[in-house]
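Participant: The sequence and its predicted three-dimensional model are supplied below.
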Amino acid sequence: MMTSKIIPVDPFDLVIFGITGDLARRKLIPVLYYRFIDGQIPKNSRIIGLARSELTNEQFRNQSLEALKQTVSEKDFDSEQVNHFISCIHYIKNDVNSDEDWDTLQSLLKNAPNTVQAFYLSVAPGLFAPIVEQLGRLNLAENSRLVVEKPFGHDLASAKKLQYQIGNVYKEEAIYRIDHYLGKETVQNLMALRFANKLFEPLWNSNHIDHIQITAAESLGVEGRGEYYDNIGAMRDMVQNHLLQLLCLTAMEPPYKFDADAMRDEKLKVLRALQPLMGEQALRNTVRGQYLGAPDKPGYLEECHNQGSQTETYVALKVKINSWRWAGTPFYLRTGKRLRSQMAEIVITFRSTPHSIFGQIDTPIWPNILVIRLQPDEGLNLSITTKDPGPGGFRTRETPLDMTFADNSGDDWRMPDAYERLIMDVIRGNQTLFMRDDEVEAAWQWIDPIIQAWRNSGTAPESYDSYSSGPTGAVELIARDHRRWRDVIV
Ligand code: NAP
């Protein structure tokens with residue numbers, strides 16, 4: 001069985017703004033519990049949660065207990081450990097817009113023995129700047145770290161403004177912008193695959209790779225958050241951050257070492273090398289979709305209460321990278337809600353062999369395809385062409401070499417949630433898996449003209465059926481290049 005080594009961290013105070021919210025309840029509290037039972041949260045560490053709700057410490061601890069009952073597996077739910085963990089949580093009622101509510105937080109943190117202090121902003125983006133301003137005013141920002149949830153801005157101008165407001169109080173070295181995709185085990189495995197093996201890197205270029213597909217599909221719709229989502233859309237919600245980050249990690253040059261700035265320098269070069277998509281080019285190389293209702297589910301237009309909404313719940317793009325390595329190899333990205341399946345993967349399709357020595361055979365020689373699966377069942381799959389066993393002519397077949405991480409890690413092994421890694425990296429002071437300000441701005445710089453072109457066109461997104469594979473326009477987008485999306489193939 002594989003055992004994971006727990007790297008100890010110093011005792012810390014983690015202050016979570018928005019502790020009563022959805023993210024804290026579903027993710028942050030459970031992942032901290034998992035780190036706790038793995039022995040990674042040192043004694044005397046404190047989790048200090050803030051929100052406006054009138055709750056006593058005890059009431060909030062009871063709410064946390066309920067959250068753990070709903071999210072932690074039976075196997076990992078140990079009442080004694082849970083009680084111990086919950087006693088590390090302290091609740092403070094605080095309205096961040098008021099100047100008055102800060103005394104309790106100040107007195108808890110003043111002269112605190114813990115050397116590491118981190119403030120996690122798990123609140124609506126409109127509250128990021130006011131909270132940081134308060135932290136500055138109260139002298140709580142000095143020597144602390146700041147964790148900012150997505151989205152970082154709505155476009156380039158707002159991202160710059162937010163950066164300016166946060167940058168007045170925190171230095172870049174203390175800011176941790178979360179993109180939870182970067183904490184996924186498979187995404188880090190992509191780094192190992194590329195840079196800890198000799199096998200792939202010589203082939204990792206347009207001489208050998210025909211094209212790359214990056215997909216993040218969700219089966220859920222906007223689920224009661226339609227009005228909020230209507231100001232965002234799939235491009236801002238998924239492409240600007242998650243999909244472009246995956247593209248960067250797939251396409252970047254080898255960093256000189258696996259450290260924060262070396263990695264982020266290379267990702268930034270990819271973002272800057274993206275071929276701009278503006279005006280007609282943007283319309284030709286992108287497809288927007290919006291889901292229709294299903295018999296038992298409302299469509300997007302009903303959910304967002306805006307019959308004229310042109311917000312996309314699906315987007316597909318053909319992206320080119322202007323570099324020696326990738327000239328001639330397109331990247332096709334797509335993401336959407338209310339689709340047939342819940343999955344995320346990067347698919348690398350290699351070029352076909354230049355010549356078949358087998359002459360006329362009934363079965364084809366398939367190109368090699370490497371699938372890096374982020375969910376479900378994180379793992380890698382490489383398909384190779386082999387001979388169909390047995391006599392009677394020479395036939396080929398496509399054979400998968402499959403590595404699902406959970407299968408290879410023993411019965412007791414549990415796939416850690418991306419947030420487990422990311423929160424502990426904040427405590428360790430390791431920014432490698434967090435986005436730097438120049439990356440965020442470069443991504444918006446590329447995204448903004450596409451959204452502008454859609455707006456100028458005045459056209460509506462194409463409708464698609466709930467639980468389908470998306471709009472037909474997306475199939476046509478890739479078919480124009482005589483290629484198909486992988487789920488159409490398998
Ligand atoms: P949410 O459910 O709306 O929670 C917001 C939290 O902020 C609540 O605890 C709320 O508590 C608190 N709050 C609101 N106004 C406040 C104020 N004036 N002063 C103090 N606290 C206040 O939001 P969420 O879904 O957890 O999302 C939080 C952040 O994470 C957002 O930036 C979101 O974009 C990001 N994010 C969320 C998810 C997710 O899965 N939920 C995923 C990725 C990113 P009270 O009402 O008690 O004050």
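Facilitator: Ah, there it is.
Participant: Find me whatever residue is spatially closest to whichever residue of the chain sits closest to the ligand, sequence neighbours aside.
Facilitator: As assessed by C-beta to the nearest ligand atom, the ligand sits closest to residue 21 within the chain, at 2.2 Å. All C-beta spots, glycine's among them, are computed from the backbone N, C-alpha and C. Closest residue in space to residue 21, ignoring its immediate chain neighbours: residue 122 at 5.8 Å, by C-beta to C-beta, 6 or more residues apart in numbering.
Participant: Then residue 181?
Facilitator: Residue 181 sits nearest to residue 242 (C-beta to C-beta, 6+ apart), 4.4 Å away.
Participant: just residue 311 next, same as before
Facilitator: residue 233 (4.4 Å).
Participant: Quickly note the distance from that neighbour to residue 213.
Facilitator: Separation of residue 233 from residue 213 (C-beta to C-beta, to the nearest Å): 21 Å.
Participant: Mind jotting down where the helices sit in the stretch 151-300 of the chain?
Facilitator: 156-167, 185-195, 226-229, 233-234, 244-251, 260-273, 279-284, 300-303 (DSSP state H, counting those that start in this stretch).
Participant: Tabulate these (CSV), appending mean neighbour count, mean pLDDT and distance to residue 136.
Facilitator: Converted to CSV, the helices of the stretch 151-300 of the chain look like this (neighbours: other C-beta atoms under 10 Å; pLDDT from 0 to 100; distance: least, C-beta to C-beta, whole Å):
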stretch, mean neighbour count, mean pLDDT, distance to residue 136
helix 156-167, 17, 98, 10
helix 185-195, 17, 91, 33
helix 226-229, 16, 93, 28
helix 233-234, 24, 98, 33
helix 244-251, 24, 98, 29
helix 260-273, 19, 97, 24
helix 279-284, 14, 97, 39
helix 300-303, 21, 96, 39
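Participant: got these as CSV, with distance to residue 26 columns?
Facilitator: As requested, the helices of the stretch 151-300 of the chain are exported to CSV (distance: least, C-beta to C-beta, whole Å):
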stretch, distance to residue 26
helix 156-167, 25
helix 185-195, 19
helix 226-229, 17
helix 233-234, 21
helix 244-251, 22
helix 260-273, 28
helix 279-284, 35
helix 300-303, 20
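Participant: which stretches of the stretch 351-490 of the chain have low pLDDT?
Facilitator: Within the stretch 351-490 of the chain, the ranges that satisfy pLDDT under 70 run 361, 406, 408-411, 488-490.
Participant: now swap in the stretch 51-200 of the chain and tell me
Facilitator: Short version for the stretch 51-200 of the chain, where the test is pLDDT under 70: none.
Participant: So which residues on it come close to the ligand?
Facilitator: 51-53, 94-97, 122-125, 127, 149-150 (C-beta under 6 Å from any ligand atom).
Participant: need the contact list for the closest residue to residue 407 other than its chain neighbours.
Facilitator: Counting by C-beta to C-beta, 6+ apart, residue 407 lies nearest to residue 379, which is 7.7 Å off, once chain neighbours are set aside. The contact partners of residue 379, by C-beta atoms under 8 Å, 6 or more residues apart in numbering, come to 186, 373, 402-407.
Participant: how far away is residue 379 from residue 102?
Facilitator: 47 Å.
Participant: Give me the neighbour count for residue 223.
Facilitator: By other C-beta atoms under 10 Å, the residues close to residue 223 number 12.
Participant: For residue 349, see how far away it is.
Facilitator: Taken as C-beta to C-beta, the span from residue 223 to residue 349 is 33 Å.
Participant: Kindly tell me how buried residue 407 is, as a neighbour count.
Facilitator: Residues near residue 407, counting by other C-beta under 10 Å: 11.
Participant: same check, this time on the one 10 residues further on
Facilitator: For residue 417, the count of nearby residues is 19 (other C-beta under 10 Å).
Participant: In space, what's closest to it - neighbours in sequence excluded?
Facilitator: residue 31 (5.1 Å).
Participant: what about the residue nearest to residue 181, distance to residue 428?
Facilitator: Counting by C-beta to C-beta - residue 242 and residue 428 are separated by 23 Å.
Participant: The two: who's more crowded?
Facilitator: A direct count of neighbours by other C-beta under 10 Å for residue 242 and residue 428 places residue 242 higher, at 23 against 14.
Participant: Please report the distance of that one from residue 66.
Facilitator: Plainly put, residue 242 is 30 Å away from residue 66 if you go by C-beta to C-beta.
Participant: CA atoms of the helix or strand harbouring residue 426 as CSV?
Facilitator: Using DSSP states H and E, residue 426 falls within helix 418-428. C-alpha atoms of helix 418-428 as CSV (Å, rounded to 0.1, in the frame of the first residue of the first chain):
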residue,chain,number,x,y,z
ALA,A,418,-7.5,19.9,-4.2
TYR,A,419,-8.3,22.3,-1.4
GLU,A,420,-6.4,20.1,1.1
ARG,A,421,-3.2,20.6,-0.8
LEU,A,422,-3.8,24.3,-1.5
ILE,A,423,-4.6,25.3,2.1
MET,A,424,-1.6,23.5,3.4
ASP,A,425,0.5,25.2,0.8
VAL,A,426,-0.7,28.6,2.0
ILE,A,427,0.4,27.6,5.6
ARG,A,428,3.8,26.4,4.2
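Participant: Right, I'll leave it there.
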